[in-house]
Structure formats: structure tokens, C-alpha cells
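Participant: Let's see this in three dimensions:
(2 chains)
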Amino acid sequence: MRIAVLVKEVPDSYGARRLNLTTGLAEREASDRVLDEITSRAVEAAVSHAESAEGVEVVLVTMGPESAESMLRKTLAMGADSAHHVLDPGLLGADMTLSAEVLAAVLQRIGCDLVISGDVSSDGTGGVIPTMIAERIGAAHATSLDSLTITDSSVTGNRETYGGTVTVEAQLPAVVSVTERLPDARFPGFKGIMAAKKKPLETYTLADLGIDPAADVPRSILLSVTEAPARTAGEKIHDEGDAGKRLAEYLIDKKLV
Amino acid sequence: MAQQKILTYLPVLPSGELMGSAAELLGAAAQLGSPVGVIVTTPGMAEAAAESAGELGAATVRVAEHEAVGTTLTEPTVDVFTTAWEDLRPEAVLVPNDIDGRDLAARLSVRTHSAIAADVVGVHRDEEGIVAHHSVYGSTFTTESATTHGTLIITLREGAVDYRGQPVTPEIHRVELGELPPQAASITEFSASVEASTRPDLRGAPTVVAGGRGLGSAEGFALAEQLADALGAGLGASRAAVDAGYAPHSLQVGQTGVTVAPDLYIALGISGAVQHLAGMQTAKTVVAINKDPEAPIFDIADLGIVGDVFEVVPQLIETLKAQRP
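Facilitator: Next comes the predicted model:
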């Protein structure tokens, strides 16, 4: 069984992040580039299954700039077997339609039984790519799972729905995405880091995948980008035994209660 | 020229009521054109929901009822939307930016070759068509997007749109379900949520009280609950408080939780990590109470109180009670 995990390099959401006000693209210099935390949980789910079952191979799949290669090496150190990187200038500013097309194409090229991803990325916050891929490759989807059980032929898990929780089951091939409820990722050990240096890492261009980013299909385009005015600190008081009263007065005065 | 159709997904609760998001979805749809509500339920569940959709501004409601809705994930709804899309060629499709809404948007986008605008916080129309507004990187940037051509599929962030539609008597069309793809995931079990909270929903509540790690324990977190109830506010929590087990994940405010933009946000024992600010920094007024005078939350608070939440908050509740007989 081959499990593909979708991994993504994102600007670190624990620090400042910036958009370029002219292009609307992420300012790469403004932030540290890290593996999106939610995708590290997806890797953990795949790798821990591979450890507990026979004949399970874990491959990492990403699209992104050259810097994504070092993220892939670090992530391979968690125990994945190989990595696949779609790298092409035509992907700059790709919308979700193009992203899903590219990822679906590379997944079909590699061939896999199960795709695992994070539920929502911390930079794009779209949360639609996994199911778009499922539609493109003709697989079932089971997204935003709070728990995940993998067998040779199926996946099951729980997810929130309107007014409750459902248990869903999909026969493979399937695309699943996981939430923060899944276990944290492991820290790679020294052995893992050394082994990762020698693991196969393949890159693909859009031409390799037969994709034309300029194809005349509906695309989402950016019209404008503005920076929200930064919040500033207001009044700060130290409690001298009456802060609760003063806060009550403040709220009443501002008609907030 | 007739108004453009805006197909709008209206999820229904197990009780048969519309989800709370219906009001803002139909509000946003009314801002753009003529709202067509779509309701897909198990048999016997849609009638009352369709009537309430009219009260929220849906002039037309497409209703499909089928057993498969309770047993097959997403595909019944996608099928109904695909048929509606072919019949009506809507200018936009609006769905809630929740788990089921995103899956519907994703499948429909690929099936109809339409662009998606995800996690949208507002919409308007200009000479060229529909424009979607996004709030990016924890509300530090605002962007606008559109589709080059064709239908725009929009997943609308909950609690983001205030505009509401005008009540109408809806024209209800019953539609049949087509054949579903064999590979769809099945729903094998449903358990209703036990949360019988009388508090307003965190998303969209005008006042939010949120507790953090500084509350010290699940028992300590009850202080945030008491203040929320005294103010009639929604209840939130920082990720640190959720990770520590003080509060359920559904209350998490921040980058990986709910994003809120209330009139008043009161942060109790929350230090103010960037990831938390990402979920609340567009609140109109922020009040923070924290023991640590260096807590970053004070940098964005309109009123910061350096002090012990367990002394300040009870005094606040007492004072407010005394003011309001």
C-alpha cells in the first residue's frame, strides 16, 4: 500500500507574515518558511501506520518554490520513503483550481492508494484542495477527520457535521484530511535525519505533468490587496483593588454592556 | 434584465431547523442577486426549513429529500447542486465555510469548471461582476478576488456578513436525486452533540469572553463562563487553554480555530500569542486582564488590566449586577 501525504511549506504563523502590496504574493523574506503544522500531523498519521503495518510506503508530495526542498528533506527525516516536488515558475500565484489540477496529476503519476493531507492550510485557509483532488482522481473523500483508522482496503474516522458527529468510511482509493485532534508530529532522530539525505526526491515541471497554467479555464484572480491598520495599545492600568469596578465603568461608559 | 441567480446551500440541523449560517448566506446572496436556496435532507425534514428560508430572503427554494443523505457523504448534495447549476447557470454559488460546505464547493468546482473563492468575509458587485473579500494572515491583510469568467463558488466565513435578506413567500421546487458515484464515502453513524448551551454562538456573538492558560485549570475556566453568562456573551478559549484541557476544541479562537470579530472581546489570562491574535484582532474593542504586565495581548488591547483575573472578574460581575437591578 502506498500512502501519499500532501505537505506544504508556509510562512510561520507564529511570527509576522506579509503580503506584497503590489503583487499580492507572500513576502518570502518576511517570515521563516516552515512545514505547515497540520500537514506534519498528516505525515505522523501515515508514518505511524507504516510502522504498524506490513508493506506500507509513505511518499511526500508538494508543490512550491525551490525552498520547499529543504522542508521535504526535513520531513523525510520523520520516516517517509520518498518525496515528490512540483517546481515551476508557472505556479507562482496559482489559484486552487490549478493547484488541485497539479497535485492530482502528480498523484496519478506516482500512483497511490490513500492520500492524507491537513484539513486547512494556515496560509491559504481554503480547505478545499483535498476534495478537489478526490474529484479529479475519481476517489472518495473523507475530510476534516478528528480520528483516523487505516486498513488495507478502507479508512474510517469521525468528523463534525451539522448538530453532531458522523463516523465516515471510505473504500480505497481515498483522499482524507485530518484536524488538529490527531497526534502531534514526532521529532526526527539523528538516524532519521541522516537517512533522509539519501532518500529519493524527484522534481517535476508543469510540462512533465502535461499541464498548461495559461489554459483558458476560469481562474480566481486577485484584484486588490491592502494592509489592515495595525492595532495599537490603549490604556493600561494596574489593579489596586478597584480594577473590576473601573472595568465595569469603562464598559458602561462605552455602552458595551 | 432578470437578476442573476445566486445558488445558496442551506444546511439543516437534525431537528429540522436551518443552520444559523442560513441568514448570512441568504443575506450575502441578496447583496449579489436573486437568492435560490438549496435544501438537501433525509425524507420529511425539509418542509419547515424551506419555509424559514423564505423568511430569510430565499425567493426560490430547491428541495431534495432522500434516504441517501443520511448514509452517503457529500455526494447527494453535490448531485442536487450540479443539476441546479446546469438548469440555472448561477452567477455565484454560496456555501458556508464549514466542513460539509467546503467539500460541496470543492466537488462542484471541479465538476462545473468553476473558480473558488474560499474563506470569504464579504461580497459586493462591481461593473465586471462579483467581488469576494478575504481577510488574510489573521486579518493583517485584506484582499479582493474575482473569477476570470463563469460561476464563482464562494465559501463564506461564518459570522462575517451582517446584511440580511427581506422575507418572502418562497416558491418551493422539489427535485429528485440522480445516480450517485459508487466510490463515495458512507456515513455509518451519527451522534448528536450533547452541548445544550444557551450561550450565543461564538461566531457572530456581539460580545466574546475568552479564557486562557492563565485561568490555571478547568475549574478556573469556569470564571470565563460566569463572565460570559453575566454579559450574555459567547465563550471562547485560547489554544493553550484547549490543549491544557480547560475547554473543548469547539471554543478555540485563533489561527487554527474560530475567527471572531465582535464589538467587545474580553481576554482573561490570555498572553496573546500571534496565533491567538490572528483569530480576534478585528474585534472593535479589546479588553485584556493578565497578571503579566509584559503579555503581548496588552499591545493590542484598548483597555489592559494588569492584575489577578480571580479578583478583577468577580468584582466586575458584582459591580455590573449592582448597576442593573
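Participant: How many residues are close by B:Ala192?
Facilitator: By the measure other CB atoms under 10 Å in any protein chain shown, the count of residues near B:Ala192 is 11. Placement of C-beta: from N, CA and C, glycine included.
Participant: quick one: B:Gly216 from chain A, how far?
Facilitator: According to CB to the nearest CB, to the nearest Å, B:Gly216 stands 17 Å off from chain A.
Participant: Check what pLDDT the residue nearest to that residue when sequence neighbours are not counted gets.
Facilitator: Nearest residue to B:Gly216, sequence neighbours excluded (CB to CB, 6 or more residues apart in numbering or on different chains): B:Gly269, at 7.6 Å. On pLDDT, B:Gly269 comes in at 98.
Participant: any idea where the helices of the stretch 1-150 of chain B begin and end?
Facilitator: Assigned by DSSP state H, counting those that start in this stretch, the helices in the stretch 1-150 of chain B fall at B:21-32, B:47-55, B:75-88, B:99-112.
Participant: Adding mean neighbour count, mean pLDDT and distance to A:Glu29, write these out as TSV.
Facilitator: Putting those into TSV (neighbours: other CB atoms under 10 Å in any protein chain shown; pLDDT from 0 to 100; distance: least, CB to CB, whole Å) gives the following:
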stretch	mean neighbour count	mean pLDDT	distance to A:Glu29
helix B:21-32	25	97	36
helix B:47-55	20	95	48
helix B:75-88	20	98	41
helix B:99-112	25	98	31
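Participant: now those as a markdown table including distance to chain A?
Facilitator: Converted to a markdown table, the helices of the stretch 1-150 of chain B look like this (distance: least, CB to the nearest CB, whole Å):
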| stretch | distance to chain A |
| --- | --- |
| helix B:21-32 | 9 |
| helix B:47-55 | 11 |
| helix B:75-88 | 9 |
| helix B:99-112 | 3 |
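Participant: Contacts only, for the residue nearest to B:Gly216.
Facilitator: By CB atoms under 8 Å, 6 or more residues apart in numbering or on different chains, the residues touching B:Gly269 are B:Gly211, B:Gly212, B:Arg213, B:Gly214, B:Leu215, B:Gly216, B:Gly220, B:Ile289, B:Asn290, B:Lys291, B:Val309.
Participant: gap between it and chain A?
Facilitator: B:Gly269 is 13 Å from chain A, by CB to the nearest CB.
Participant: looking at it, A:Gly163 is touching B:Ser193, isn't it?
Facilitator: Yes: applying CB atoms under 8 Å, one finds A:Gly163 in contact with B:Ser193, separated by 6.1 Å.
Participant: Among those two, which residue is more densely surrounded?
Facilitator: For the pair A:Gly163 and B:Ser193, the greater number of neighbours falls to A:Gly163 (17 against 14), based on other CB under 10 Å.
Participant: Quick check: pLDDT value at the more buried one.
Facilitator: pLDDT, A:Gly163: 90.
Participant: how close does it get to B:Arg62?
Facilitator: Going from A:Gly163 to B:Arg62 by CB to CB, to the nearest Å gives 22 Å.
Participant: same question, B:Ala115
Facilitator: Distance, B:Ala115 to B:Arg62, using CB to CB: 23 Å.
Participant: do B:Gly211 as well
Facilitator: According to CB to CB, B:Gly211 and B:Arg62 sit 43 Å apart.
Participant: just A:Val61 next, same as before
Facilitator: Taking CB to CB, one finds A:Val61 at 38 Å from B:Arg62.
Participant: Between B:Gly211 and B:Arg62, which is the more surrounded one?
Facilitator: For B:Gly211 versus B:Arg62, the count of surrounding residues by other CB under 10 Å is larger for B:Gly211: 32 against 26.
Participant: any idea how far A:Val5 is from the more buried one?
Facilitator: According to CB to CB, B:Gly211 and A:Val5 sit 35 Å apart.
Participant: what mean pLDDT does stretch B:141-152 have?
Facilitator: In the prediction, stretch B:141-152 has an average pLDDT of 97.
Participant: got the end-to-end distance for that stretch?
Facilitator: 22 Å (CA to CA, to the nearest Å).
Participant: quick one: buried residues of that stretch?
Facilitator: Across stretch B:141-152, burial judged by 16 or more other CB atoms under 10 Å in any protein chain shown covers B:Phe141, B:Thr142, B:Thr143, B:Glu144, B:Ser145, B:Ala146, B:Thr147, B:Thr151, B:Leu152.
Participant: Of these, which pair is most distant in space?
Facilitator: Using CB to CB, the two most remote members of the buried residues of stretch B:141-152 are B:Phe141 and B:Thr151, lying 26.2 Å apart.
Participant: Show me where the stretch 51-200 of chain A has its strands.
Facilitator: Ranges of strands in the stretch 51-200 of chain A, per DSSP state E, counting those that start in this stretch, are A:57-63, A:82-86, A:114-118, A:140-145, A:149-150, A:154-161, A:164-171, A:174-178.
Participant: Please see if the third one touches chain B.
Facilitator: What it means is strand A:114-118. No: Strand A:114-118 lies out of reach of chain B by CB under 8 Å from any CB of the partner chain, never closer than 9.8 Å.
Participant: got the CA positions of stretch A:113-131 in CSV?
Facilitator: Output of stretch A:113-131 as CSV, limited to C-alpha atoms (Å, rounded to 0.1, in the frame of the first residue of the first chain):
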residue,chain,number,x,y,z
ASP,A,113,-4.0,4.1,-2.6
LEU,A,114,-4.5,6.7,0.0
VAL,A,115,-3.8,10.5,0.1
ILE,A,116,-3.6,12.2,3.5
SER,A,117,-3.5,15.9,4.0
GLY,A,118,-4.1,18.6,6.6
ASP,A,119,-7.7,19.9,6.7
VAL,A,120,-7.0,23.6,6.2
SER,A,121,-3.6,25.3,5.5
SER,A,122,-2.5,28.1,7.8
ASP,A,123,-1.7,30.5,4.9
GLY,A,124,-4.4,30.0,2.3
THR,A,125,-7.2,28.8,4.8
GLY,A,126,-9.1,27.3,1.8
GLY,A,127,-9.6,23.7,3.0
VAL,A,128,-10.9,22.6,-0.4
ILE,A,129,-7.9,21.2,-2.2
PRO,A,130,-8.1,17.6,-0.8
THR,A,131,-11.7,17.1,-2.0
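Participant: Now find how far off-centre it is within its chain.
Facilitator: Distance of stretch A:113-131 from its chain centroid, counting by CA atoms, centre = their mean, to the nearest Å, is 5 Å.
Participant: now do stretch A:108-116
Facilitator: 17 Å.
Participant: Averaged pLDDT, that stretch. What do you get?
Facilitator: Average pLDDT, stretch A:108-116: 98.
Participant: Could you do stretch B:157-171 as well?
Facilitator: 94.
Participant: in it, what counts as buried?
Facilitator: Buried residues in stretch B:157-171, counted by 16+ other CB under 10 Å: B:Arg157, B:Glu158, B:Gly159, B:Ala160, B:Val161, B:Gly165, B:Val168, B:Pro170.
Participant: quick one: contacts for the spatially closest residue to B:Gly279 that is not a sequence neighbour?
Facilitator: Closest residue in space to B:Gly279, ignoring its immediate chain neighbours: B:Gly254 at 3.8 Å, by CB to CB, 6+ apart. Contacts of B:Gly254 were listed using CB under 8 Å, 6+ apart, and they are B:Ser238, B:Arg239, B:Ala273, B:Gln275, B:His276, B:Leu277, B:Ala278, B:Gly279, B:Met280.
Participant: I'd guessed the first one sits against B:Gly212; true?
Facilitator: What it means is B:Ser238. Yes: counting by CB under 8 Å, B:Ser238 does reach B:Gly212; the two are 4.0 Å apart.
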